[in-house]
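# Sequence and predicted structure are below.
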Number of protein chains: 2
Amino acid sequence: MTEFASADDRSLVDLLLTAAERALSDAERDASAVDSVHVGNMAAEAFNERSGLANALTGSLGLTGVTARRIENTSASGASAVQSAFEAVAGGHSACALAVGGEKMSSADTATATEIISRITHDREYEQGVTLPSFGGLAAAAYLDATDADRRDLAQVSVKNHANAFENDYAQFRKQIDVDDVLDSPAVAAPLRLYDCCPTSDGAAAVLFTAEPAADAVTVAACESATGTHAVADRTDPLEIESVRLAGEYAYDTAGFGPEAIDVACIHDAFSILEWLEMEELGLAPAGEAWRLTREGQTTLNGTLPVNPGGGLKARGHPLGATGVSQIVELVWQLRGDLPDERAVGEAEHGLAVNVAGFGNNAVCTLLEVDA
Amino acid sequence: MTEFASADDRSLVDLLLTAAERALSDAERDASAVDSVHVGNMAAEAFNERSGLANALTGSLGLTGVTARRIENTSASGASAVQSAFEAVAGGHSACALAVGGEKMSSADTATATEIISRITHDREYEQGVTLPSFGGLAAAAYLDATDADRRDLAQVSVKNHANAFENDYAQFRKQIDVDDVLDSPAVAAPLRLYDCCPTSDGAAAVLFTAEPAADAVTVAACESATGTHAVADRTDPLEIESVRLAGEYAYDTAGFGPEAIDVACIHDAFSILEWLEMEELGLAPAGEAWRLTREGQTTLNGTLPVNPGGGLKARGHPLGATGVSQIVELVWQLRGDLPDERAVGEAEHGLAVNVAGFGNNAVCTLLEVDA
């Protein structure tokens, strides 16, 4: 992956190319081995006045005669590109598939970016002025009301993710924060404050999928996705994220192991509250109890279930189309044991990533494993 | 499919929904049978300030718990969505996949539309001001120079496509034209004139893919894609469209039959000259000889090889993301023998569709067949 940044000098295609070249180099493959290219990107048309990213990247790699397509699933575009690449290989349509996700959000003015990101939501909710942060705020308030978690526990999610990013060379924010920093940061959507929310980011990440097992490769045990209701108002429980629950169920079913086997997880923490809600939907914590894992320090790098060891969306950054791919990169590094002690969760056989579109319109859950 | 129009009152999501409902109705399936949704669209972010189309459509269909993604491959987004849906079913990842392509271009002002469509091209060529119509003009001039075709033969491509659209209830232009109308139309990019060029359009089309053969269903013999060089200047021959040639070769190889078996073809005639160039790349005409088929009337509805029986991009219209799907709809209608005499090519067992991105950056070739 590229380093994630708040503004990167490179063009979006250059970011994608850098990530692709790094993945090829890591896998010790030449670009000519690739027979399909799956680009994850949310909104280059709006952010970068650019179309045809998959063909531009494929051209930059010097490849002709291959399959190339761009996949968009809003903030889960990266994981949907991963799923497209995985399915192409698993289904026998590609021998070597390159998934590359990227976004360059700094090119867009704030009004354009806000408008496009807000247009992910259902028309009915968009017209009422409900934005993604406000959904986050409503969910956080409901959760704090329904459980014994307190506001400081929620802030601790961001504190933990910043601590993880502090040692991550690829993270956008390499800055330790404490609970008071979160509580003193500007209000965004009550009770959420700035440090509960992911930033806008530039960056790209890439993963190579092959049918033939390679030395030192990680195995995809499952890559499954599920839609939820488009309108959040159509959910019977405001704390429910059906897409995440179903994607997780499908993935565990395909993989043949369940949440109890997971050693490390990358969770879509676009807002701090989402880390808890998604952990509960995925069975990584009992319903209404994820906050206890945070309070007890179980989700820290050296805890019983490290969550977002690279810093998550909050602190590694959230270049929309890159995020879902960067989660896979992080898990591969952790499962292979590539990372130095201050970055490593330690021995891990099974990893989980979940990438979420909108406020739960769609989710992709990927399970990775290595031999013990 | 929906009727294609120059401006449709409905929103893009409504167009997609109408096409999806018509495909489900034709297939006598309920939406609940669908387990994956593949939306082809080029630029809703720019044309419609809209993101997350696949989730919006899936929500409108009342579906949760399914896979949904949007596929973008510029002007071949529709066929790439078809390929994604086909591969999902063929690879065992989906039992019933819905491919829906659509675009609503009339929402964008001309400057925005021109900018985004021009940004399909390689940066180097974009910066020189070379647009897609100018590539079409350069190719047309080179072809007319290299062969014995004359300008009136080229105009006849549009005349034939308008004649086919005249009887097509779904076509944007239901107007007969003659060669002089083409030659008298406003200049666009010499020697091409307005009536050599596809219009901007609104519309959507949908196809359902199932693993289990259904009564009256058409079989996908192959759906293959290939990239070409991104920069047109990198091609050794300005008349070469490597992506189309390779996509065709891959498809014939997979299907086990070749161009001689094709009874009807839908060719990506964004500019009249492309109908000839692509026919030659696909082996439907000898190199440098496609113009003879036009002159001899072989590509008319009742000719030996009917091409673009629905009117093609020129006259049926070209709502970018819809086009590749609408080609499949047209072939299905022809192969099943659904159409009245004035629309039908007659007995046909094998159909070919080619949908092209940019000026040949990428092409998708689909071969369909029915039992004789």
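Everything's here; your move.
# what's the helix or strand for A:Thr294?
Using DSSP states H and E, A:Thr294 falls within helix A:290-295.
# buried residues in that helix?
For helix A:290-295, burial by neighbour count (16 or more other Cβ atoms under 10 Å in any protein chain shown) applies to A:Ala290, A:Trp291, A:Arg292, A:Leu293, A:Thr294. In this view, the C-beta of every residue, glycine as well, is placed from N, C-alpha and C.
# if I pick the fourth one, what's in contact with it?
Read it as A:Leu293. Taking Cβ atoms under 8 Å, 6 or more residues apart in numbering or on different chains, we find A:Leu293 in contact with A:Met279, A:Ala285, A:Thr299, A:Gly303, A:Leu305.
# pLDDT score assigned to it?
The model reports A:Leu293 with a pLDDT of 98.
# same check, this time on A:Ala372
64.
# Test my guess that A:Gly346 contacts A:Asn302.
Yes: if you go by Cβ atoms under 8 Å, A:Gly346 and A:Asn302 touch, sitting 7.2 Å apart.
# residues near the one residue in chain A that gets nearest to chain B, how many?
In chain A, the residue that lies nearest chain B is A:Gly91 (1.9 Å; Cβ to the nearest Cβ). Neighbour count for A:Gly91, taken as other Cβ atoms under 10 Å in any protein chain shown: 16.
# Could you find the closest non-adjacent residue to it?
Setting aside the residues directly before and after it, A:Gly91 is nearest to B:Gly91 in space (Cβ to Cβ, 6 or more residues apart in numbering or on different chains), at 1.9 Å.
# Check A:Ile177 too.
That would be A:His162: by Cβ to Cβ, 6+ apart, it lies 4.7 Å from A:Ile177.
# so where's chain A shaky on pLDDT?
Scanning chain A for pLDDT under 70 picks out the ranges A:372.
# mind listing the helices for the stretch 201-350 of chain A?
Under the criterion DSSP state H, counting those that start in this stretch, the stretch 201-350 of chain A contains helices at A:242-255, A:272-281, A:290-295, A:312-315, A:320-336.
# got the buried residues for the last one?
By 16+ other Cβ under 10 Å, the buried positions in helix A:320-336 come out as A:320-335.
# Alpha carbons of that helix, in PDB - could you do that?
What follows is helix A:320-336 as a C-alpha-only set of coordinates in PDB (Å, rounded to 0.1, in the frame of the first residue of the first chain):
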ATOM      1  CA  LEU A 320     -12.600   5.400   0.500                       C
ATOM      2  CA  GLY A 321     -11.800   2.900  -2.200                       C
ATOM      3  CA  ALA A 322      -8.500   2.000  -0.600                       C
ATOM      4  CA  THR A 323      -9.800   1.100   2.800                       C
ATOM      5  CA  GLY A 324     -11.100  -2.400   2.200                       C
ATOM      6  CA  VAL A 325      -7.900  -3.400   0.400                       C
ATOM      7  CA  SER A 326      -5.700  -1.900   3.100                       C
ATOM      8  CA  GLN A 327      -7.500  -4.000   5.700                       C
ATOM      9  CA  ILE A 328      -6.400  -7.100   3.800                       C
ATOM     10  CA  VAL A 329      -2.900  -5.800   3.500                       C
ATOM     11  CA  GLU A 330      -2.800  -5.300   7.200                       C
ATOM     12  CA  LEU A 331      -4.100  -8.700   7.900                       C
ATOM     13  CA  VAL A 332      -1.600 -10.300   5.600                       C
ATOM     14  CA  TRP A 333       1.300  -8.500   7.300                       C
ATOM     15  CA  GLN A 334       0.000  -9.600  10.700                       C
ATOM     16  CA  LEU A 335      -0.700 -13.300   9.700                       C
ATOM     17  CA  ARG A 336       2.600 -13.700   8.000                       C
END
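# coming back round to it: will you turn the buried residues of helix A:290-295 into JSON lines that also has distance to B:Ser11?
Shown next, in JSON lines, are the buried residues of helix A:290-295 (distance: Cβ to Cβ, whole Å):
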{"residue": "A:Ala290", "distance to B:Ser11": "38"}
{"residue": "A:Trp291", "distance to B:Ser11": "41"}
{"residue": "A:Arg292", "distance to B:Ser11": "45"}
{"residue": "A:Leu293", "distance to B:Ser11": "43"}
{"residue": "A:Thr294", "distance to B:Ser11": "42"}
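# For A:Gln355, give its distance to B:Trp291.
Actually, residue A:355 is Asn. It isn't Gln. As judged by Cβ to Cβ, to the nearest Å, A:Asn355 and B:Trp291 stand 51 Å apart.
# List only buried entries from the contacts of A:Leu293.
For the contacts of A:Leu293, a neighbour count by 16+ other Cβ under 10 Å gives the buried set as A:Met279, A:Ala285, A:Thr299, A:Leu305.
# The first one: what's it in contact with?
What that stands for is A:Met279. Counting by Cβ under 8 Å, 6+ apart, A:Met279 has contacts A:Ala265, A:Ile267, A:Ala285, A:Ala290, A:Leu293, A:Val307.
# Closest to A:Leu154 out of those?
The closest of the contacts of A:Met279 to A:Leu154 turns out to be A:Ala290 (Cβ to Cβ; 10.5 Å).
# correct me, but that closest one touches A:Leu274?
No: contact between A:Ala290 and A:Leu274 fails when scored by Cβ under 8 Å: they sit 10.4 Å apart.
# Spell out the residue ranges of the strands in the stretch 1-150 of chain A.
Secondary structure of the stretch 1-150 of chain A (DSSP state E, counting those that start in this stretch): strands at A:36-40, A:67-72, A:96-104.
# Give me the contacts around the shortest one.
If you take Cβ under 8 Å, 6+ apart as the criterion, strand A:36-40 is touched by A:16, A:53-54, A:57-58, A:61, A:63, A:66-73, A:77-82, A:84-85, A:88, A:93-94, A:96-102, A:321-322, A:324-325, B:227.
# and the angle from it to strand B:67-72?
Relative orientation of strand A:36-40 versus strand B:67-72 (axes from the mean of the first three to the mean of the last three Cα atoms, to 10 degrees): 100 degrees.
# Spell out which strands sit alongside strand A:36-40 in the sheet and which way each one runs.
Strand pairing for strand A:36-40, using DSSP bridges, gives strand A:67-72 (parallel), strand A:96-104 (parallel).
# Over to A:Leu192: give its phi and psi.
phi -80, psi 140 (degrees, to the nearest 10).
# Now do it: how many residues are near it, please.
The number of residues packed near A:Leu192 is 24, by other Cβ under 10 Å.
# gap between the closest residue to it other than its chain neighbours and A:Thr131?
In space, and not counting its chain neighbours, A:Leu192 is closest to A:Gly137: 4.7 Å by Cβ to Cβ, 6+ apart. Here the criterion is Cβ to Cβ. By it, A:Gly137 lies 10 Å from A:Thr131.
# Residues that sit against both of the two, list them.
Applying Cβ under 8 Å, 6+ apart, one finds that A:Gly137 and A:Thr131 are jointly contacted by A:Ala189.
# Neighbour count for the two, which is higher?
Taking other Cβ under 10 Å, A:Gly137 and A:Thr131 do not tie; A:Gly137 has more neighbours (22 against 18).
# which residues touch that one?
A:Gly137 sits next to A:Val188, A:Ala189, A:Ala190, A:Pro191, A:Leu192 when contact means Cβ under 8 Å, 6+ apart.
# Name the member of the residues you listed with the most neighbours.
Most surrounded of the contacts of A:Gly137: other Cβ under 10 Å gives A:Leu192, at 24 neighbours.
# What residues does the stretch 101-250 of chain A have near chain B?
Residues of the stretch 101-250 of chain A lying close to chain B (Cβ under 8 Å from any Cβ of the partner chain) are A:115-117, A:119-120, A:122-123, A:224-231, A:242-243, A:246.
# Recalculate using a threshold of 7 Å.
A:115-116, A:119-120, A:122, A:225-231, A:242, A:246 (Cβ under 7 Å from any Cβ of the partner chain).
# buried stuff in stretch A:1-15?
By 16+ other Cβ under 10 Å, the buried positions in stretch A:1-15 come out as A:Met1, A:Thr2, A:Glu3, A:Phe4, A:Ala5, A:Asp8, A:Arg10, A:Leu12, A:Val13, A:Asp14, A:Leu15.
# what sits up against that stretch?
Stretch A:1-15 is contacted from outside by A:18-19, A:22, A:44, A:48, A:50, A:53, A:56-57, A:60, A:102, A:104, A:106, A:169-172, A:199, A:201-205, A:316-317, A:319, A:326, A:329, using Cβ atoms under 7 Å, 6 or more residues apart in numbering or on different chains.
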